[in-house]
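# Below: sequence and its predicted model.
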Amino acid sequence: MKRRQITIDGNEAAASVAYRTNEVVAIYPITPASPMGELADAWAAEGRPNVWGDVPEVVEMQSEGGAAGTVHGALQAGALTTTFTASQGLLLKIPNLYKIAGELTAFSMHVAARTLATHALSIFCDHSDVMAARQTGLALLASGSVQEVHDFAAVVQAATLASRIPFLHFFDGFRTSHEVAKIEELTDRDLLSLLDEERVREHRRRALTPDRPVLRGTAQNPDAFFQAREASNPFYLECPAVVERTFERFAGLTGRRYRLFDYHGHPAAERVLVLMGSGAETVHETVDHLLERGEKVGVLRVRLYRPFAAEAFLAALPPTVEALGVLDRTKEPGAIGEPLYLDVVAALAEARQEGGGLAADPRVVGGRYGLSSKEFDPACVQAVFSELAAERPRNHFTVGIVDDLTHTSLEIGPPLDIEPPGRVRAVFYGLGSDGTVSANKNSIKIIGEQTDNQAQGYFVYDSKKAGAVTVSHLRFGPEPIRSAYLVRGAGFVACHQFHLLEKLEMLETAAPGATFLLNAAYAADEVWDHLPREAQQAILDKQLAFWVIDAYRVARETGMGGRINTIMQACFFALAGVLPREEALARIKDAIRKTYGKRGRILVEQNFAAVDAALSNLHRVEVPATVTATFGRPPLVAAEAPDFVQRVTAVMMGGKGDLLPVSAFPPDGTWPTDTARWEKRRIAAEVPIWDPEVCIQCNQCALVCPHAAIRSKVYEADALAGAPEGFLTTDYRAPDLRGLSYTLQVAPEDCTGCRLCVEVCPAKDRTNPRHKAINMEPLPGVLERERSSYRFFLELPELDRSRLERLDAKSSQFLQPLFEYSGACAGCGETPYLKLLSQLFGDRLLIANATGCSSIFGGNLPTTPWAVDANGRGPAWSNSLFEDNAEFGLGFRLAIESQQRQAERLLQRLEKRLGADEVEALLAADQSDEAGLAAQRERVGRLKETLAGLDDPAARRLAAVADYLVTKSVWLVGGDGWAYDIGYGGLDHVLSMKRDL
Ligand code: SF4
Ligand code: SF4
């Protein structure tokens with residue numbers, strides 16, 4: 001039977017089957033699994049039925065634990081039930097998973113495998129979450145591609161009903177969950193034929209019901225528990241055979257044949273790699289390449305990881321294998337090896353012990369790869385195969401990094417391009433906000449669904465929210481695409497944002513003779529002179545066909561505002577030649593009709609006009625024979641940046657973090673604060689410019705700025721000596737602080753151009769109400785002036801905090817922000833409050849941050865916005881988990897109070913040596929205002945000096961905790977930016993200021 005070819009991502013591939021084969025879906029969002037739950041929710045809301053004609057009950061719970069409890073309950077009560085999760089979410093479900101498995105419950109769940117937070121959080125992929133659940137009793141089945149995700153979602157549902165062993169089906173987060181690929185869709189009929197109705201009835205017969213009452217969840221004692229625990233053994237022993245039979249039935253239905261362990265390679269292979277997940281696709285592709293070169297290599301792909309069917313594993317391997325490399329996508333510190341490696345070693349050892357095993361008695365070595373989505377490409381695979389060829393291959397190696405600390409890493413050779421010649425490879429650099437990714441998803445759908453080509457799309461986002469760089473990696477071609485790694489050697493490279501050329505070495509990805517499309521505000525005959533030297537050199541070296549379009553002008557002229565996505569998409573189709581040009585344009589227009597049709601005819605027509613105008617504005621650039629640029633790519637950070645920022649942060653900022661060796665990193669996750677100020681992203685097209693004549697000095701603009709990119713200062717007039725030309729100043733006009741000068745200054749390279757400051761500004765020029773006290777102006781014309789003005793502004797002395805007579809919305813903006821230039825979304829409504837918090841209490845602030853938006857814009861590398869004042873004091877910040885924020889902060893508070901009490905007790909003990917008056921002053925200090933705090937800091941400074949001269953264990957102990965005699969402020973910051981103080985905080989200040997606003 002011919003089935004529909006669809007182009008979807010891995011999450012949709014899983015959700016499509018899970019939704020259609022279940023009755024209850026309990027969800028809770030977690031990256032990268034969230035889209036599965038969101039899709040199920042949306043389908044239920046639109047009344048889409050499952051294969052039995054009923055609309056599943058989809059319920060979003062308050063937590064992962066809540067979702068797991070709901071799943072357990074629904075299963076107990078007889079419904080076919082599923083859920084989706086990843087990472088810590090899976091860990092939170094573990095107690096219920098033990099119960100579900102212990103009760104032999106038919107159930108399957110789908111996991112977009114993601115790194116567990118250890119020294120740092122990571123949303124990217126590895127198998128540490130799944131491996132932490134391998135002891136629960138759930139069967140584990142791994143998929144490696146979008147098609148497999150779709151297929152195995154069906155297989156696990158059938159196998160769990162047949163075996164009564166619950167299944168955890170997993171696939172690689174982002175790499176597979178978010179990869180868009182063309183697959184064959186399973187029909188409802190396929191699913192119904194695979195699911196045995198009698199097994200469904202058996203599941204229902206096991207339901208808790210007062211009509212056939214039973215009791216489960218008993219408490220058992222030493223007399224019973226152990227034996228009862230062993231009573232489930234037959235089900236586990238039978239499970240692999242059940243999966244095998246299900247695979248057989250599946251093959252009969254679809255023609256796609258899977259096995260518990262799938263071997264691919266030379267029938268008499270000497271070197272074989274064992275692994276699971278998407279990495280196996282890359283190894284498969286590399287094995288084909290090596291086979292053509294006469295190498296005796298192979299790959300054994302583990303499908304069913306638990307229960308581990310040792311006999312099937314051995315049977316799948318060629319008996320000739322001499323060296324086995326087992327690759328784990330996880331790290332188990334302190335273990336003798338990672339989990340899959342240990343299983344393989346044990347399987348071989350047990351077989352040998354029984355007189356069996358493999359004829360060649362292979363040497364087995366284990367290695368780690370791909371943690372947190374570290375790139376794993378053919379060159380990595382080649383490195384492992386080369387190591388296996390050594391007489392004594394290294395064990396417990398790593399591949400994909402440079403480990404110069406414990407020297408575990410394998411050396412990787414130059415990039416290995418093994419993709420077939422007919423394949424189109426394209427890379428697009430854009431911004432999160434410019435529609436590049438959605439246009440590319442659209443292009444994949446057009447090509448995947450309108451041609452015979454296979455299609456693959458993978459999208460890399462950087463960690464910033466405002467001005468986030470996106471890189472889209474697209475592949476098309478007649479042959480199956482197994483390349484689960486980033487595109488190199490692209491025949492087409494597009495840069496949708498001109499300024500990225502100055503930041504990224506994007507032409508590194510271009511193949512010789514490739515096409516380079518640039519969106520630039522310059523004509524074809526002038527653009528060359530605006531390219532940095534490195535870009536010109538790469539164009540010449542690689543003899544690129546260079547095309548240019550001013551997409552923003554075309555967008556403006558066709559009524560599209562700043563939306564350039566369809567314009568750039570039309571150019572791609574015109575240049576890449578994947579489809580005949582006219583046909584491509586017709587397909588783009590179909591897609592526009594589909595996407596925007598409901599939003600009105602005008603929008604559709606504007607998009608059509610933009611597509612048509614795109615091609616007439618697309619021009620080939622006559623490339624000169626030599627490099628003519630007078631400037632190169634500017635350094636990523638200023639020369640005066642600290643050593644660590646130069647050596648580590650700047651490398652990561654330039655997209656080259658992969659090159660940093662192990663020794664470059666702090667081993668415990670401790671990073672310096674105050675690094676965002678070195679980044680200077682320059683992402684605003686327009687920035688606010690101050691007009692002191694109109695300004696009423698209310699400071700509201702500074703208060704609302706989410707990025708601390710517009711600031712006010714009051715200072716003595718003589719501080720203006722040496723001010724650069726164009727630096728604006730005026731007299732400060734309020735009664736307090738009278739006599740000082742006042743400046744309002746934008747940070748032009750840190751502003752995101754969100755306009756919030758202009759929106760909130762209440763002051764208008766009476767003669768021209770459209771002219772406010774701050775007005776947006778294009779950045780290029782003011783950049784140099786404002787940059788030097790801002791530099792000078794930062795050097796102006798900060799206001800002595802104790803001079804503020806009252807603290808309110810206006811005066812708070814004279815306090816130095818210690819939260820600045822965050823990567824939060826332009827116009828963020830959360831960060832102004834955090835910035836305010838840092839102004840009020842930053843020099844004595846500890847933050848316990850829940851996981852969420854605020855932990856990303858607050859603690860996502862390479863740079864962090866929490867800053868320090870001139871004394872080196874500033875907020876100390878940490879994130880524990882999503883769900884333990886209050887307890888984490890409480891721990892801070894308890895520890896501080898404990899050390900404060902110790903300090904007080906030791907002070908009393910040392911009273912005679914320190915002086916009664918000084919001790920009394922330290923103990924009774926009034927720290928309720930800035931003057932009181934400053935005085936106490938001075939006392940503590942004196943105390944520490946005195947203590948340094950005392951040879952007394954108590955004095956040494958007091959010196960270690962003396963700083964706790966100065967009040968500390970502990971705040972909880974929620975994932976979505978809410979903040980509460982614990983103990984001495986000053987919440988009242990913040991609340992009163994919110995009222996002011
Ligand atoms: Fe801040 Fe936005 Fe104004 Fe820039 S435009 S200074 S980011 S409020
Ligand atoms: Fe001046 Fe307007 Fe800013 Fe108030 S909001 S300080 S009036 S620029």
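Nice, I can see it. Numbering: from 1, shown residues only. Ligands and ions are numbered 1, 2, ... in the order given.
# Nearest residue to the middle of this structure?
Central residue of the chain (C-alpha atoms, centre = their mean): I123, 4.5 Å from the mean position.
# what's the nearest residue to that one if we skip its chain neighbours?
Nearest residue to I123, sequence neighbours excluded (C-beta to C-beta, 6 or more residues apart in numbering): T31, at 4.7 Å. C-beta: built from backbone N, CA, C; applies to glycine.
# how about that neighbour, secondary structure?
coil (DSSP: H, G, I helix; E, B strand; the rest coil).
# hang on, isn't it packed against L121?
No - taking contacts as C-beta atoms under 8 Å, T31 lies outside contact range of L121: 10.2 Å.
# all strands for the stretch 251-400 of the chain, in order.
261-265, 271-275, 297-302, 304-306, 323-328, 363-369, 397-399 (DSSP state E, counting those that start in this stretch).
# What is the last one packed up against?
Right, the one you point to is strand 397-399. Helices and strands touching strand 397-399, as assessed by 3 or more C-beta pairs under 8 Å, 6 or more residues apart in numbering; DSSP states H and E, comprise strand 363-369, helix 378-388.
# switch the cut-off to 10 Å
Where contact means 3 or more C-beta pairs under 10 Å, 6 or more residues apart in numbering; DSSP states H and E, strand 397-399 is packed against strand 323-328, strand 363-369, helix 378-388.
# Output the below-cut-off pLDDT ranges for this protein.
1, 463-467, 976-997 (pLDDT under 70).
# how many other residues sit next to V55?
15 (other C-beta atoms under 10 Å).
# For my notes, confirm it occurs in a helix.
No - using three-state DSSP, the assignment for V55 is coil, not a helix.
# picking that back up, count of neighbours near the residue nearest to I123?
Count around T31 with other C-beta under 10 Å applied: 17.
# Show the contacting residues for it.
With contacts defined as C-beta atoms under 10 Å, 6 or more residues apart in numbering, the neighbours of T31 are A86, S87, G89, A112, R114, I123, F124, G173, F174, S177, H178.
# gap between the nearest residue to V365 once chain neighbours are set aside and R785?
Excluding the flanking residues, the one nearest V365 by C-beta to C-beta, 6+ apart is N395, at 4.3 Å. Distance of N395 to R785, computed by C-beta to C-beta, to the nearest Å: 61 Å.
# thinking again about what came up before, can you list the strands of the stretch 251-400 of the chain in a markdown table and add mean neighbour count and distance to M131?
Converted to a markdown table, these look like this (neighbours: other C-beta atoms under 10 Å; distance: least, C-beta to C-beta, whole Å):
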| stretch | mean neighbour count | distance to M131 |
| --- | --- | --- |
| strand 261-265 | 20 | 18 |
| strand 271-275 | 27 | 13 |
| strand 297-302 | 26 | 13 |
| strand 304-306 | 25 | 9 |
| strand 323-328 | 26 | 8 |
| strand 363-369 | 22 | 12 |
| strand 397-399 | 22 | 17 |
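# Out of the ones you listed, which gets nearest to G65?
strand 304-306 (22.7 Å; C-beta to C-beta).
# Which secondary structure elements does that closest one sit against?
helix 128-131, strand 139-142, helix 146-163, strand 167-172, helix 233-254, helix 339-353.
# I'd like to know which of those is closest to ligand 2.
Minimum separation from ligand 2 across those (C-beta to the nearest ligand atom) falls at helix 128-131, 47.5 Å.
# Residues contacting the closest one, please?
With C-beta under 10 Å, 6+ apart as the test, helix 128-131 has contacts from 85-91, 111-118, 122, 138, 140, 142, 168, 170-171, 173, 276-277, 305-306, 328-332, 338-340, 371-372.
# Now do stretch 530-547: distance from first to last residue.
Distance between the boundary residues of stretch 530-547 (C-alpha to C-alpha, to the nearest Å) amounts to 14 Å.
# Buried ones in it, by neighbour count?
By neighbour count on 16 or more other C-beta atoms under 10 Å, the buried set for stretch 530-547 is 531-532, 534-539, 542, 544-547.
# S854: which of these is nearest?
P532 (35.5 Å).
# That closest one: what's it in contact with?
Applying C-beta under 10 Å, 6+ apart, the residues near P532 are L501, E502, K503, A538, A629, T630, F631, G632, R633, P634.
# what's the distance between the residue nearest to I123 and P780?
Counting by C-beta to C-beta - T31 and P780 are separated by 37 Å.
# how about the CA coordinates for stretch 427-444, as PDB?
Output in PDB follows, covering the C-alpha atoms of stretch 427-444 (Å, rounded to 0.1, in the frame of the first residue of the first chain):
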ATOM      1  CA  VAL A 427      23.400  26.800   5.400                       C
ATOM      2  CA  PHE A 428      21.500  30.000   6.400                       C
ATOM      3  CA  TYR A 429      22.600  32.500   9.000                       C
ATOM      4  CA  GLY A 430      19.800  34.600  10.400                       C
ATOM      5  CA  LEU A 431      18.300  36.000  13.600                       C
ATOM      6  CA  GLY A 432      15.600  34.400  15.700                       C
ATOM      7  CA  SER A 433      13.300  37.300  14.900                       C
ATOM      8  CA  ASP A 434      13.800  37.500  11.100                       C
ATOM      9  CA  GLY A 435      11.800  34.500  10.100                       C
ATOM     10  CA  THR A 436      14.800  32.600   8.600                       C
ATOM     11  CA  VAL A 437      14.000  29.400  10.400                       C
ATOM     12  CA  SER A 438      10.300  29.400   9.500                       C
ATOM     13  CA  ALA A 439      11.100  30.100   5.900                       C
ATOM     14  CA  ASN A 440      13.600  27.200   5.800                       C
ATOM     15  CA  LYS A 441      11.100  24.800   7.400                       C
ATOM     16  CA  ASN A 442       8.800  25.900   4.700                       C
ATOM     17  CA  SER A 443      11.400  25.200   2.000                       C
ATOM     18  CA  ILE A 444      12.000  21.700   3.300                       C
END
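# G430 contacts H496, doesn't it?
Yes - counting by C-beta atoms under 10 Å, G430 touches H496, with 3.9 Å between them.
# joint contacts of those two?
T436, A439, T470, S472, N519, I564, N565, M568.
# could you say which helix or strand contains the last one?
If I follow you right, that is M568. According to DSSP states H and E, M568 maps onto helix 565-576.
# Phi, psi for V714 please.
phi -120, psi 140 (degrees, to the nearest 10).
# Look up which residues are beta-bridged to it.
V714 has these beta-bridge partners by DSSP bridges: Y742.
# show me what contacts G65?
G65 neighbours (C-beta under 10 Å, 6+ apart): Y28, G89, L91, L92, K93, I94, P95, N96, E883.
# With just CA atoms, put the helix or strand where it lies into PDB.
Following DSSP H and E, one finds G65 within helix 64-76. Provided in PDB are the C-alpha atoms of helix 64-76 (Å, rounded to 0.1, in the frame of the first residue of the first chain):
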ATOM      1  CA  GLU A  64       6.400  16.300  36.100                       C
ATOM      2  CA  GLY A  65       5.700  14.400  39.200                       C
ATOM      3  CA  GLY A  66       2.000  15.300  38.800                       C
ATOM      4  CA  ALA A  67       2.000  14.100  35.300                       C
ATOM      5  CA  ALA A  68       3.600  10.800  36.300                       C
ATOM      6  CA  GLY A  69       1.000  10.300  39.100                       C
ATOM      7  CA  THR A  70      -1.800  11.000  36.700                       C
ATOM      8  CA  VAL A  71      -0.300   8.500  34.200                       C
ATOM      9  CA  HIS A  72      -0.100   5.900  37.000                       C
ATOM     10  CA  GLY A  73      -3.700   6.500  38.000                       C
ATOM     11  CA  ALA A  74      -5.100   6.500  34.500                       C
ATOM     12  CA  LEU A  75      -3.200   3.200  33.800                       C
ATOM     13  CA  GLN A  76      -4.500   1.600  36.900                       C
END
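# So which bits of it are buried?
Neighbour-count burial for helix 64-76, with 16+ other C-beta under 10 Å as criterion, is recorded at E64, G65, G66, A67, A68, G69, T70, V71, H72, A74, L75, Q76.
# Which SSE is immediately downstream of that helix?
strand 81-82.
# Show me what from the stretch 1-150 of the chain comes close to ligand 1.
Residues of the stretch 1-150 of the chain that fall close to ligand 1, judged by C-beta under 6 Å from any ligand atom: none.
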